[in-house]
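*Asks:* this is a predicted model, with the sequence first.
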Amino acid sequence: MAAGDGQATFMAECSHTFHFICISASVAHGNLVCPLCNAQWRDLPFVRPTTVPQPLPVHIRQPPRPRTHPVDRGSVALKTHTEYSAFTRDSSSDNFVVLVHVKAPGITDTGVAGDAQPRAPVDLVTVLDVSGSMSGHKLALLKQAMRFVIDNLGPDDRLSVVSFSSEARRITRLERMTDAGKAMSVSAVESLAAGGGNNITEVLRTAAEVLDERRHRNAVSSVVLLSDGQDTCTMMRRRDSKANNYEALIPPSFVRTGGEWSAPIQTFGFGNNHDAAAMHVIAEATGGTFSFIENEAVIQDAFAQCIGGLLSIVVQEERIAVGCMHPGVRVISVKSGRYESRVDEDGRATSIRVGELYADEERRFLLFLVVPRSQADGNNTALVKVVCSYRDAATGGDVSVTVEDAVVARPENAGDTERSAEVERERVRVEAAEDIAAARAAAERGAHEEAVEILENRQRLVAHSKAARDGDPVIVALGAELREMCGLSGESRMNMEGGLK
């Protein structure tokens with residue numbers, strides 16, 4: 001939570017920012033996903049004091065208590081929703097939408113002795129900034145947060161501590177978090193001292209070496225990078241450009257290959273002087289997330305949310321395969337956000353690489369189809385078959401889940417069939433997210449009038465959508481945020497014009 005222009009603002013884990021008054025109503029109705037990118041939120045908006053003498057209480061989904069017998073947590077829930085339940089037999093469409101909805105199984109705790117539910121063990125590399133700007137209270141808070149991380153890891157988890165200033169140091173190798181391993185790691189963290197510059201490039205190379213040199217690999221791997229400053233040791237300028245080439249900070253082994261990431265880097269910008277652009281690029285390029293810690297005292301909260309997520313990964317290497325059923329049906333395009341999707345040349349099949357999911361995490365994807373006129377005597381047209389395959393993170397077993405084929409009724413007269421509320425909500429959200437990205441790009445190249453026009457047009461379309469008229473809390477919150485963005489963009493344009501006169 002931060003104060004912005006006299007109003008409280010909430011920055012989510014996905015790095016999107018909302019005014020508190022706009023998003024709190026949506027959260028109060030049980031909507032725990034970002035209305036812009038659909039990312040599942042674990043850190044929910046709540047009011048934090050401006051100054052806190054002691055770290056705030058930590059809210060984290062604790063790992064299940066150790067027991068003896070495994071419990072079947074179930075499999076991924078897979079659903080499809082067609083844009084309309086019925087479609088006139090003599091009509092055709094080149095833009096018919098099918099929504100694919102996946103939800104990861106949860107981690108349950110029945111409280112019955114001897115009723116254990118396994119989780120996947122973690123290999124975690126913490127990359128900690130100990131440059132001169134981290135001295136004093138900042139370093140003390142960082143050490144306290146690290147003690148919390150160490151305390152919450154289990155004996156099958158492994159931790160390596162890497163620090164950096166002008167140079168990188170591997171403080172501990174990957175060590176199992178037994179009692180002895182925890183004691184050694186705490187001692188190593190307590191030995192950290194601040195001083196020197198900030199060399200993100202070298203420390204990420206060191207973190208990559210820690211992971212690359214493993215003989216044994218735990219099921220889940222991740223890197224946590226915390227920094228309060230900017231890289232002072234690496235030349236990142238692109239040739240013939242004033243823009244920084246932040247990709248130069250990332251070792252090749254972290255970059256996505258073959259549709260999968262080797263290990264995501266979760267980045268944390270500490271305070272107001274960190275390089276937010278660098279942190280965002282590093283996280284996005286490796287499949288991680290970027291979090292901004294404005295209030296130094298809540299660093300433990302931020303680490304708690306991150307570790308809570310790592311300890312609740314239940315699905316890995318998830319892939320959704322879609323095949324067309326009716327010979328005339330074709331896939332034209334897929335809206336899959338940051339997840340890689342591929343449509344076959346003939347349009348008869350498509351696939352989406354999802355990767356990892358936390359417990360209870362949900363993802364939604366839109367398929368745009370060509371649906372021909374119905375020539376058969378049957379009452380339905382079979383559209384697509386959807387199969388979800390993945391690896392269970394705890395057991396390592398391969399799982400495949402299918403769902404009943406998506407079909408649409410083909411009566412002679414469909415009448416006034418209403419559009420699916422689920423499809424409408426996701427379509428409005430995706431289109432808004434695309435226009436927000438386009439407006440941001442326009443503003444960055446100085447086209448402020450174009451940016452305002454894009455946002456204003458999208459705000460009107462959202463306001464007139466059926467979801468907004470029906471009071472859908474996610475879409476209402478999205479509309480409020482778009483109105484605010486229009487106002488801020490207009491002010492920015494006027495300030496720019498005033499400065500040029």
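*Replies:* Now that the structure is in, tell me what you want to look at. Numbering: from 1, shown residues only.

*Asks:* and residue 438, what element?
*Replies:* Secondary structure assignment for residue 438, by DSSP states H and E: helix 421-444.

*Asks:* just after that helix, pick out the following helix or strand.
*Replies:* helix 448-464.

*Asks:* what packs against that next one?
*Replies:* For helix 448-464, the elements it packs on are helix 421-444, helix 473-500, judged by 3 or more Cβ pairs under 8 Å, 6 or more residues apart in numbering; DSSP states H and E. (Glycine included, C-beta is placed from N, CA and C.)

*Asks:* which one of those lies closest to residue 97?
*Replies:* Residue 97 sits nearest to helix 421-444 of all these, at 5.4 Å, using Cβ to Cβ.

*Asks:* so which elements touch that closest one?
*Replies:* strand 77-82, strand 93-103, strand 362-371, helix 448-464, helix 466-469, helix 473-500.

*Asks:* so which of these is nearest residue 160?
*Replies:* The nearest among the helices and strands packed on helix 421-444, by Cβ to Cβ, is strand 362-371 at 30.4 Å.

*Asks:* average pLDDT for the helix holding residue 438?
*Replies:* On average, the pLDDT along helix 421-444 is 90.

*Asks:* mind checking how far that helix is from the chain centre?
*Replies:* Put simply, helix 421-444 sits 16 Å off its chain's centre (Cα atoms, centre = their mean, to the nearest Å).

*Asks:* can you check stretch 288-299 too?
*Replies:* Centre-to-centre, stretch 288-299 and its host chain are 15 Å apart (Cα atoms, centre = their mean).

*Asks:* now for residue 332, how many residues are close by?
*Replies:* Look at residue 332: counted by other Cβ atoms under 10 Å, it has 14 neighbours.

*Asks:* need the contact list for it.
*Replies:* Counting by Cβ atoms under 8 Å, 6 or more residues apart in numbering, residue 332 touches 94-95, 343, 347, 368-370.

*Asks:* considering those residues, which possesses the most neighbours?
*Replies:* When neighbours are counted by other Cβ under 10 Å, residue 369 leads those with 25 neighbours.

*Asks:* just checking, that one touches residue 330?
*Replies:* Yes - contact criterion Cβ atoms under 8 Å: residue 369 and residue 330 qualify, at 6.6 Å.

*Asks:* which residues do the two both contact?
*Replies:* Residues touching both residue 369 and residue 330 by Cβ under 8 Å, 6+ apart: residue 324.

*Asks:* now stretch 94-114: average pLDDT?
*Replies:* In this model, stretch 94-114 carries a mean pLDDT of 77.

*Asks:* now the helices for the stretch 251-400 of the chain?
*Replies:* Remark: helices assigned in the stretch 251-400 of the chain by DSSP state H, counting those that start in this stretch are 276-286, 299-310.

*Asks:* dump those helices to a markdown table, plus mean neighbour count, distance to residue 460 and mean pLDDT.
*Replies:* Output for those, formatted as a markdown table (neighbours: other Cβ atoms under 10 Å; distance: least, Cβ to Cβ, whole Å; pLDDT from 0 to 100):
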| stretch | mean neighbour count | distance to residue 460 | mean pLDDT |
| --- | --- | --- | --- |
| helix 276-286 | 20 | 30 | 84 |
| helix 299-310 | 23 | 36 | 86 |
